[in-house]
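A.B. asks: What would the 3D arrangement of this be:
(2 chains)
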Amino acid sequence: MTGSILFLLIIVLGGISWFFGRVKASRFSITHTKRGAVHSLPNYHGWYVALWAVGPALLFLVVWNFASPALITDAALASPAAEQLPQDAFAKGSILAEARSIASGQQVRAFNPLSQSMVEPYKTAISYYQTLGAIAAILLAFAGGVYSWLRLKPELRARTKIERITMMALLLASLIATITTVGIFASLIFESARFFSMVSPIDFLFGTEWNPKAVAGPRGETGFGAIPLFWGTVFIGAIIAMIVAIPLGLMSAIYLTQYAAPRFRAWMKPILEVLAGVPTVVYGYFAALTVAPALRDFAVSIGISGASSESALAAGVVMGIMIIPFVSSMADDSIAAVPSAMRDGSLAMGATKSETIKKVLIPAALPGVVGGVLLAVSRAIGETMIVVMAAGLAANMTANPFSSVTTVTTQIVQLLTGDQEFDSPKTLAAFALGLVLFIVTLLLNLIALRVVKKYREAYE
Amino acid sequence: MNSTATFAEERNPTDWQGDAMQKRIRKRYAAERRFKALGLGAIILSAGFLAFLLIVMVGNGLRGFTQTELPVEIDFPAMTGGAAASQFEGANGQANLRTLGVRDIVNTSVQIQYGEEGTELFSAGGWQAVSAAILNNPKIVETKTTLYLPAESEIDVAYKSDGSASAEQKVTELGDKLSTGFNKNFLFNSDATDPMQVGIWGALKGSLITMFITLIIAFPIGVLSALYLEEYAPKNRFTDLIEVSINNLAAVPSIIFGLLGLAVFLNLFGLPRSAALVGGLTLALMTMPVIVISGRNAVKAVPPSIREAALGIGASQMQVVFHHVLPLALPGILTGTIIGMARALGETAPLLMIGMRAFIATPPSGIVEPATVLPVQIFLWSDEVNRGFVEKTSAAIIVLLLFLLTMNALAIYLRNRFETRW
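C.D. replies: Model prediction:
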């Protein structure tokens, strides 16, 4: 019996328990007519029985899932075929692992003839323990249901119990976010620590040569200097993309909030939002297919040497386009938060609209705009697909926008795709880069949020 | 008295009609017009980028839905030695077809009509169309039939737009034998090495399975945490910690989630690589904060009077939340969920990290089987050297954008239809 069918069966048993619990409890109000004699509504009794049926059974299955492999191995070792196995623990372990993966269908053919002989004992052991587990789980579900059904009484505080369990579920659910954050941090730190035990952090953070392919030995590696990657990331994400996104986003926001007719605004705002909804892989393809060749031809025609078809400019411009709605909506919010008294005062003094915007609104909204730009930068430097598809792999330290540079995210993808051994510094370097990226984006976000918040408080 | 008189002497009233003033005002108004035009220009430029992107994708992509075909006349009775139509009906049809050797029949027929080199004009997998035609209508094996088979990829490109010189020459030679037909392969096949045979069904199915897993994990967790944080959480450091981590998760670059998936789900838990299960779990962690944030706003928008009224007639805290607040907040939560799911559907980078970039030629049939998703398929095709893949990539992008458009339209519809303004 496969796991999903068993799972469904238990859920069905839970549904049946719910029904019987409810039916029994709905009689209570007929027999006990005194006010307050029945504590909970029939529904809660139903859920009470259902939880008793499903909960212990599922818990058992989880435990069984962890416990049964050891039992299966023991059973297989007790079989007569196990007598020919070598005494050496390591060889034995590898044969057993192979036999197990064949028996469970993950592998088709054995490399070691001894493993083949162990397949049959494994298969019998697996099916024996699976059946045993399934029967036990179903019996447990049944027992739980019957036990709790018998316990149903008018004065049973079913609702209180159900609510307590629901509360626990709520708390657990909200903990997931924290666990994820901790998980991200822990896994990045853990893998980076392994990387830094092979490569010195100083070499990594301040080295200027990035060439992980050339790395040979397990100790004393060079070629892990990440400065070119940091430069490429900043060049594309924080410089070129922002040169495109800040003026366009800011001016769009100003026009839409200060000048545009309501109808125009109602149409244009969602259209600009679409720019943020287009998947990044589409932008990447657009950059690589259309923008990059056009820019290279342009560079060649005006005589710039070293123009590459994977230019920093193509990736940066397209990334800037993607960021426009982000900057524009942040600017929109912070301009809207400027008290209208300031605007009205300026207009009443005879300033034109544009003078009011330039001399009053923008300076007053500046902290919010700056916060928005920081958030936009943090998004741009963490953006992956556009740079993977359009920016190239050459780790150059150049300020020529037509040449190829590489970024942190590009290199993470590059290091982790293709064949990978998990302990090599090449693979672990990706986690170190990830850690740097995580910390930088986190700091940018914290600073940006603080700036925005502080400024909001000043006006409210 | 004296002081006012001095004042009048020193400062004349402003001459609003004077030349200097008029000039200044004209200058200021011109600056005003320039500024306004600049703003409009920025919007038009941004919208223009979007329009340009869509036009490029649609222009390239529409061709991906068609294929160039060449007619082949197959004399089935002579070739098969008189196979009967009934052989290919029912359950045994497939097996009988395999023994028939359709590939050789097609190749021989092609060579008869187009010469020895004729097979090079056709897509290598084109004979499968004949198999499909026979299964669809077994009667044709008893007659002499003309079928339209997909041409070779370079000819396809050359016929539809500009191809290589040799292919263009072949197109001129073949003249009006060539025609275009609807590319069924593209909707029903999976990945392949020949651009004429590729399809998006495998990737689409992978996407659907992955999205399903994302939804069943992220939605309950997201809704429950939103309810907890808005309705129950005491104001203390612990709650602050939860809030900070949710807000941070929403801003973490997606590729970091991929690293998490790789380190935890693959290496620690030992889940299979490239599986939709792992992809779904990773995307669920990414989508959950979006759902929590939109869910909290929706819950916050339910007016306190609803809660007080329910409490007043004797509902417990839990009943207030689950019977009254949650149903009223649900449209808002659903809108946020759909938007989060749309983002997850377009996500590529974290899935590359967990190995969903394998060549998947058969659609996945379960959550632990190797699968790929639509955006990753687009990425893989964009890397192909063969020019035939350009239009296929764009066509896959059109399909992806259509899905996203539908989801966003649904979200807007839900918001307008069900959201109550209090």
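
A.B. asks: switch to C-alpha atoms for all contacts and neighbour counts from now on
C.D. replies: Will do.

A.B. asks: and stretch A:210-224, how far apart are its ends?
C.D. replies: Criterion CA to CA, to the nearest Å; first-to-last residue distance in stretch A:210-224 is 5 Å.

A.B. asks: Show me the domain layout of the chain.
C.D. replies: No chain in the question, so chain A it is. A:3-156, A:227-459 (automatic domain parsing).

A.B. asks: that's the other chain; I wanted chain B
C.D. replies: Taken from automatic domain parsing, chain B resolves into B:62-182, B:201-418.

A.B. asks: Just say which of the domains of chain A is most tucked in.
C.D. replies: The highest mean neighbour count among the domains of chain A, using mean count of other CA atoms under 10 Å in any protein chain shown, belongs to domain A:227-459: a mean of 21.

A.B. asks: report the longest helix in the chain, please.
C.D. replies: In the absence of a named chain, chain A is used. In chain A, ranked by residue count with DSSP state H as the criterion, the top helix is helix A:158-198.

A.B. asks: Actually, chain B is the one I wanted.
C.D. replies: helix B:19-61.

A.B. asks: mind listing what the helix or strand that that helix is followed by pairs with, with the direction of each?
C.D. replies: Next in sequence after helix B:19-61, counting helices and strands by DSSP states H and E, comes strand B:66-75. Neighbouring strands of strand B:66-75 in its sheet, by DSSP bridges, are strand B:144-150 (antiparallel), strand B:179-182 (antiparallel).

A.B. asks: By mean pLDDT, point me to the weakest helix or strand of the chain.
C.D. replies: Defaulting to chain A. In chain A, no helix or strand scores lower on mean pLDDT, DSSP states H and E than helix A:89-103, which sits at a mean of 71.

A.B. asks: Which strands and helices lie in contact with the helix or strand following it?
C.D. replies: As assigned by DSSP H and E, the chain's next helix or strand after helix A:89-103 is helix A:113-151. Under the contact definition 3 or more CA pairs under 8 Å, 6 or more residues apart in numbering or on different chains; DSSP states H and E, helix A:113-151 sits against helix A:3-31, helix A:42-78, helix A:89-103.

A.B. asks: could those helices go into JSON lines alongside distance to residue B:407?
C.D. replies: Output for those, formatted as JSON lines (distance: least, CA to CA, whole Å):
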{"stretch": "helix A:3-31", "distance to residue B:407": "29"}
{"stretch": "helix A:42-78", "distance to residue B:407": "34"}
{"stretch": "helix A:89-103", "distance to residue B:407": "41"}
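
A.B. asks: Any idea which of those gets closest to residue B:358?
C.D. replies: Between residue B:358 and these, the shortest separation by CA to CA is 21.5 Å, and it involves helix A:89-103.

A.B. asks: Tell me the helices and strands packed up against the closest one.
C.D. replies: With contacts taken as 3+ CA pairs under 8 Å, 6+ apart, helix A:89-103 sits against helix A:113-151.

A.B. asks: just the angle between the helix it packs on and helix A:89-103, please?
C.D. replies: Counting by axes from the mean of the first three to the mean of the last three CA atoms, to 10 degrees, helix A:113-151 lies at 70 degrees to helix A:89-103.

A.B. asks: picking that back up, with respect to burial, which of the domains of chain B scores highest?
C.D. replies: Mean neighbour count (mean count of other CA under 10 Å) peaks for domain B:201-418 among the domains of chain B, with a mean of 21.

A.B. asks: what's the average pLDDT for that domain?
C.D. replies: Here domain B:201-418 scores 88 as its mean pLDDT.

A.B. asks: Please list all residues in contact with the residue in chain B positioned nearest to chain A.
C.D. replies: Here chain B gets closest to chain A at one residue, residue B:225, 4.1 Å apart by CA to the nearest CA. The contact partners of residue B:225, taken as CA atoms under 8 Å, 6 or more residues apart in numbering or on different chains, are A:170, A:171, A:173, A:174, A:175, B:292.

A.B. asks: Try it again at 7 Å.
C.D. replies: Applying CA atoms under 7 Å, 6 or more residues apart in numbering or on different chains, we find residue B:225 in contact with A:170, A:173, A:174, B:292.

A.B. asks: and the stretch 151-300 of chain B, which residues reach chain A?
C.D. replies: The stretch 151-300 of chain B comes close to chain A at residues B:221, B:224-225, B:228, B:242, B:245-246, B:249, B:252-253, B:255-256, B:260, B:263, as judged by CA under 7 Å from any CA of the partner chain.

A.B. asks: And the furthest pair within these?
C.D. replies: For these, the farthest-apart pair by CA to CA is B:228 and B:263; their separation is 29.5 Å.

A.B. asks: Which residue is the nearest non-sequential neighbour of residue A:332?
C.D. replies: Distance criterion CA to CA, 6 or more residues apart in numbering or on different chains; nearest residue to residue A:332, sequence neighbours excluded, is residue A:253 at 5.3 Å.

A.B. asks: where's the one you found, which helix or strand?
C.D. replies: Element membership of residue A:253 [criterion: DSSP H and E] is helix A:241-254.

A.B. asks: Now do that helix: distance to the chain's middle.
C.D. replies: Distance of helix A:241-254 from the chain centroid (CA atoms, centre = their mean, to the nearest Å) equals 28 Å.

A.B. asks: Kindly calculate the angle that that helix makes with helix B:19-61.
C.D. replies: Helix A:241-254 and helix B:19-61 meet at an angle of 120 degrees, taking the same axes, to 10 degrees as the criterion.

A.B. asks: For helix A:241-254, report the contacting residues that lie outside it.
C.D. replies: Under the criterion CA under 7 Å, 6+ apart, residues A:316-317, A:319-321, A:323-325, A:327-329, A:331-332, B:39, B:42-43 lie in contact with helix A:241-254.

A.B. asks: For the stretch 351-460 of chain A, which residues are neighbours of chain B?
C.D. replies: Counting by CA under 7 Å from any CA, the stretch 351-460 of chain A comes close to chain B at A:352-354, A:379, A:382-385, A:413, A:416-417, A:434, A:438, A:441.

A.B. asks: Recalculate using a threshold of 10 Å.
C.D. replies: A:351-355, A:357-358, A:375, A:378-385, A:388-389, A:409-410, A:412-418, A:422, A:430-431, A:433-435, A:437-439, A:441-442, A:445-446 (CA under 10 Å from any CA of the partner chain).

A.B. asks: Restricted to helices, list the residues you listed.
C.D. replies: Here DSSP H is the test, and these give A:353-355, A:375, A:378-382, A:385, A:388-389, A:409-410, A:412-416, A:430-431, A:433-435, A:437-439, A:441-442, A:445-446 as lying in helices.

A.B. asks: on that earlier part again, could the strands paired with strand B:66-75 go into CSV alongside mean pLDDT and distance to residue B:283?
C.D. replies: Formatted as CSV, those follow (pLDDT from 0 to 100; distance: least, CA to CA, whole Å):
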stretch, mean pLDDT, distance to residue B:283
strand B:144-150, 79, 38
strand B:179-182, 79, 35
